[in-house]
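Engineer: Turn this into a structure:
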Amino acid sequence: MEQYHYKEEIQNAYERLLHPLAIYQYLDGSIIPIVLSDGFCEMFGYKNQEEASKSIRENIYSGIHPKDVPNIKNEIHRFLEERNGYETIYRIRPYNGTEYKMIRAVGKPEQIGEDIYLAHIWYTDESIDVNQKIINLKDSISSLLKHMPAMTFTKDIKTRKYLACNQSFAEYANKEKPEDVVGLTDFEIFDKGTAEHFIEDDKRAIEMDKPYIFYEDVFDAEGNRRQFQTTKLKFINASGRACLLGLCQDVTEAMLVKIEYDKRLENVINIANVDALTGIRNKYAYQVLEEKMNMQIEAGTLEKFAITVFDVNNLKVINDTLGHQAGDEYIKEACKLICDTFKHSPVFRIGGDEFVAVSVREDYECLDMLLKAVEENNNKAKNDAGMVVACGTARYCNEKSVSEVFIKADKNMYKNKHQLKRLGDKE
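Structural biologist: This is a model prediction of the structure:
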């Protein structure tokens, strides 16, 4: 089993909390710190998370009064066995400190997947006056929300009322300041549809044992459609209240840029795959299809198919006598003939006067009839000096690659080309 890691934005949100919080993982018989908040580091005298994590990993009981260690061990053992609430009071000296503090630790378990168990532990200094605790908690929440990027808020899960938010969320809610949002529900801020939408998202977040991250299209309080990346995370505050933390980033402009980029990328890909003269797919596109089909051959999932190779006769004569513009028109006419005949097959121009069609299903079943149509066109063309297109085909028969089928079709095309020459074709 490996150490669990939160996504970076969630990890940062936890670590910036000014209220003391630690999240531990029980891993291979040891208790490993996963998250240590700024408030935790301050309470226990650490300079930063790195120093705190190193100290805890070396000795999780470091600084705890010797008489309190057995009680903590018993509570940890019970917590791991029963997987329910954790609570203990003990004395501890801050890191490199001399005076003991009286600390209350309250926690709850979190299971992620089948075998990952975390413990969320909140700490309060029982030496501090009760009123001062309230002030400190309020300051920690306000500081968190103020400095978090984008819109942030906390809700009471039971009453669905907002407990706090930052200025960005207040503006989104069409309020002048965060205090105007506190104590209101979604129904008192937004229209009914938007409020119900938010509540459904809240329910999903509450049911999950991990952060709920999603994209959504919603209307703001003024009725403007916006796109958000939202993260919702349930937690228990120091007083035991079940809360929901929300982080919302407006990505409307970024999504518009992405859509435009995707369109341009699609256009570039199309240009790269399309033959400029005929408008059908080119040799590169055929190679892409060939690679895909080779993978299907290897996996044993490729359906029956046939490859037909075409060569437009007399193109050199036309270029030499009538010019390349006439030659281009001749190629386009040949392309139309092939595409009109092989209507249900992708057709590619793979060379100056060479085309290839890949036939499956309907065209595969009617392949003999399609080849007969090309032959009839050639017979007619020889009589009235029209367009002659040599062709050869090969059906897939357990070859190891598409190129093997192509080679067989190409050989058959050249046989047909020589036959047409003997019957009077010029090239």
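
Engineer: how does the protein divide into domains?
Structural biologist: 8-127, 133-254, 274-422 (automatic domain parsing).

Engineer: With distance to residue 265, mean neighbour count and mean pLDDT added, can I get those in TSV?
Structural biologist: All C-beta atoms are positioned from the backbone trio N, CA, C, and that covers glycine. Below are these laid out as TSV (distance: least, CB to CB, whole Å; neighbours: other CB atoms under 10 Å; pLDDT from 0 to 100):
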stretch	distance to residue 265	mean neighbour count	mean pLDDT
domain 8-127	27	16	90
domain 133-254	16	16	83
domain 274-422	15	17	92
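
Engineer: Can you say which of those domains is nearest to residue 266?
Structural biologist: Among the domains of the chain, domain 274-422 comes nearest to residue 266, with 12.0 Å by CB to CB.

Engineer: coming back round to it: with distance to residue 2 added, can I get the domains of the chain in CSV?
Structural biologist: Listed next are the domains of the chain as CSV, based on distance: least, CB to CB, whole Å:
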stretch, distance to residue 2
domain 8-127, 8
domain 133-254, 16
domain 274-422, 31
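
Engineer: Contacts for whichever strand or helix holds residue 404 next, please.
Structural biologist: According to DSSP states H and E, residue 404 maps onto helix 402-422. Residues from elsewhere that reach helix 402-422 (CB atoms under 8 Å, 6 or more residues apart in numbering): 290, 293-294, 297, 305-311, 313, 356, 378, 382, 388, 390-396, 399, 427.

Engineer: Helices - which of those land there?
Structural biologist: Of the contacts of helix 402-422, the ones assigned to helices by DSSP state H are 290, 293, 294, 297, 378, 382.

Engineer: Surely residue 63 touches residue 99?
Structural biologist: No - here residue 63 does not reach residue 99: they are 11.0 Å apart, not a contact under CB atoms under 8 Å.

Engineer: hey, what's in contact with both of these two?
Structural biologist: In contact with both residue 63 and residue 99: residue 93, using CB under 8 Å, 6+ apart.

Engineer: Filter the contacts of helix 402-422 down to just the ones in strands.
Structural biologist: 305-311, 356, 390-395 (DSSP state E).

Engineer: possible to save these as JSON lines with distance to residue 153?
Structural biologist: JSON lines is the format used below for the ones in strands among the contacts of helix 402-422 (distance: CB to CB, whole Å):
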{"residue": "305", "distance to residue 153": "57"}
{"residue": "306", "distance to residue 153": "62"}
{"residue": "307", "distance to residue 153": "61"}
{"residue": "308", "distance to residue 153": "64"}
{"residue": "309", "distance to residue 153": "65"}
{"residue": "310", "distance to residue 153": "65"}
{"residue": "311", "distance to residue 153": "69"}
{"residue": "356", "distance to residue 153": "60"}
{"residue": "390", "distance to residue 153": "72"}
{"residue": "391", "distance to residue 153": "68"}
{"residue": "392", "distance to residue 153": "70"}
{"residue": "393", "distance to residue 153": "66"}
{"residue": "394", "distance to residue 153": "66"}
{"residue": "395", "distance to residue 153": "65"}
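
Engineer: ok, so of these, who is nearest residue 333?
Structural biologist: residue 310 (12.7 Å).

Engineer: List the buried residues for stretch 255-274?
Structural biologist: Under the neighbour-count criterion of 16 or more other CB atoms under 10 Å, stretch 255-274 has 255, 273, 274 buried.

Engineer: what's the angle from the helix holding residue 404 to strand 389-395?
Structural biologist: Computed by axes from the mean of the first three to the mean of the last three CA atoms, to 10 degrees, the angle separating helix 402-422 from strand 389-395 equals 140 degrees.

Engineer: Tell me the gap between helix 402-422 and the middle of its chain.
Structural biologist: On the basis of CA atoms, centre = their mean, to the nearest Å, helix 402-422 sits 46 Å off its chain's mean C-alpha point.
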